[in-house]
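Participant: Pasting the sequence and the predicted coordinates here, then a few questions.
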Amino acid sequence: MSIEVAIHRGGYQEQEAVISNIEFNVQSGELVGLIGSNGAGKSTTLQAIMGVLPFMKGQVSIDVYGYVPERPIIYEYFTLWEHIDFYMRTVGKEQNLTVRAHELLEIFHLADKLHEFPTSFSKGMQQKVMLILAFLENRSTYILDEPFMGLDPQAMRKLLHILEDLKNEGAAILMSTHALDTAEKICDRFVLIDNGYILQKGTLETLRVTVALEKGSLLDVFDALLEGNAHG
Ligand SMILES: Nc1ncnc2c1ncn2[C@@H]1O[C@H](COP(=O)(O)OP(=O)(O)OP(=O)(O)O)[C@@H](O)[C@H]1O
């Protein structure tokens, strides 16, 4: 399964486009990084793809997806286990997912916090709750909005392993991130967004050629593209 995106215009109010002409795809077995400065339009693009942006003209094709939101969504009166249980009941697969739930709780070191309330968790712990919910069920596609936010290095490594496994199983993964060092290592391709438009897209190699920085890092390349755009 793949994700096909052809957004003509999209935003929060009719006639006020925040993003325009966003076209790209994510193939099965691919991890694509959505990169851009603060306010560039990454989350807006992800919302458009998920069909929750108030105003959107264009076409998007996506299968049922796993989702990590930009900010953790925590229910005040639910314990950690109740969050997981609620999710499993919603998708109607408690039997099959309980083993996976416990596996993920162990992976992210939250197994001893089952009956605590995530409202009192740290930022990183809340982020782990979002990851557990997103990865409970095996999906063919994933939308991850800054999934590394607040994670400690061990959790980061665990998440990278999960992403690698999902890719190997053929998932199509779209991820927005500011962690360019990490993105550079794990993403197959990049979509660079600036001011609501696609500045450039491609593999790191092709992007390097575009800015004539043979050995440039993703950050170097992105900086050079932004600089060129400002002067253009
Ligand atoms: N709910 C909203 N209502 C109106 N405008 C919004 C809303 N959310 C975002 N915007 C605007 O849309 C533009 C793009 O924001 P978006 O959140 O997509 O950026 P981003 O690339 O995800 O940034 P960041 O890296 O800071 O998360 C910004 O100008 C922002 O002010």
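Facilitator: On my side now, so go ahead.
Participant: can we go C-alpha only for contacts and neighbour counts from here?
Facilitator: Will do.
Participant: So which bits of stretch 173-183 are buried?
Facilitator: The neighbour-count check on stretch 173-183 (16 or more other CA atoms under 10 Å) flags 173-178, 180, 183 as buried.
Participant: Using JSON lines, please lay out these together with secondary structure, distance to the ligand and pLDDT.
Facilitator: Output for these, formatted as JSON lines (DSSP: H, G, I helix; E, B strand; the rest coil; distance: CA to the nearest ligand atom, whole Å; pLDDT from 0 to 100):
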{"residue": "173", "secondary structure": "strand", "distance to the ligand": "17", "pLDDT": "98"}
{"residue": "174", "secondary structure": "strand", "distance to the ligand": "13", "pLDDT": "98"}
{"residue": "175", "secondary structure": "strand", "distance to the ligand": "11", "pLDDT": "98"}
{"residue": "176", "secondary structure": "strand", "distance to the ligand": "8", "pLDDT": "98"}
{"residue": "177", "secondary structure": "coil", "distance to the ligand": "8", "pLDDT": "96"}
{"residue": "178", "secondary structure": "coil", "distance to the ligand": "7", "pLDDT": "95"}
{"residue": "180", "secondary structure": "helix", "distance to the ligand": "12", "pLDDT": "96"}
{"residue": "183", "secondary structure": "helix", "distance to the ligand": "14", "pLDDT": "96"}
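Participant: between these, which is nearest residue 102?
Facilitator: Nearest to residue 102 among the buried residues of stretch 173-183, counting by CA to CA, is residue 173 at 23.4 Å.
Participant: Going along the chain, name the strands of the protein.
Facilitator: 3-11, 19-26, 31-36, 55-61, 65-68, 141-145, 172-176, 189-194, 197-202 (DSSP state E).
Participant: Contact residues of this structure facing the ligand?
Facilitator: Residues of the chain lying near the ligand by CA under 6 Å from any ligand atom: 12, 18, 36-44.
Participant: Out of the residues you listed, which end up buried?
Facilitator: So, by 16+ other CA under 10 Å, the buried ones in these are 18, 36, 40-44.
Participant: Backbone dihedrals for residue 140, please?
Facilitator: Here the main-chain torsion angles of residue 140 (degrees, to the nearest 10) amount to phi -90, psi -20.
Participant: Just list the residues touching it, thanks.
Facilitator: Shown in contact with residue 140 (CA atoms under 8 Å, 6 or more residues apart in numbering): 1-2, 28, 63-65, 170-172.
Participant: now residue 71
Facilitator: Residue 71 touches residue 127, counting by CA under 8 Å, 6+ apart.
Participant: mind checking the backbone torsions on it?
Facilitator: Dihedral angles (degrees, to the nearest 10) for residue 71: phi -120, psi 140.
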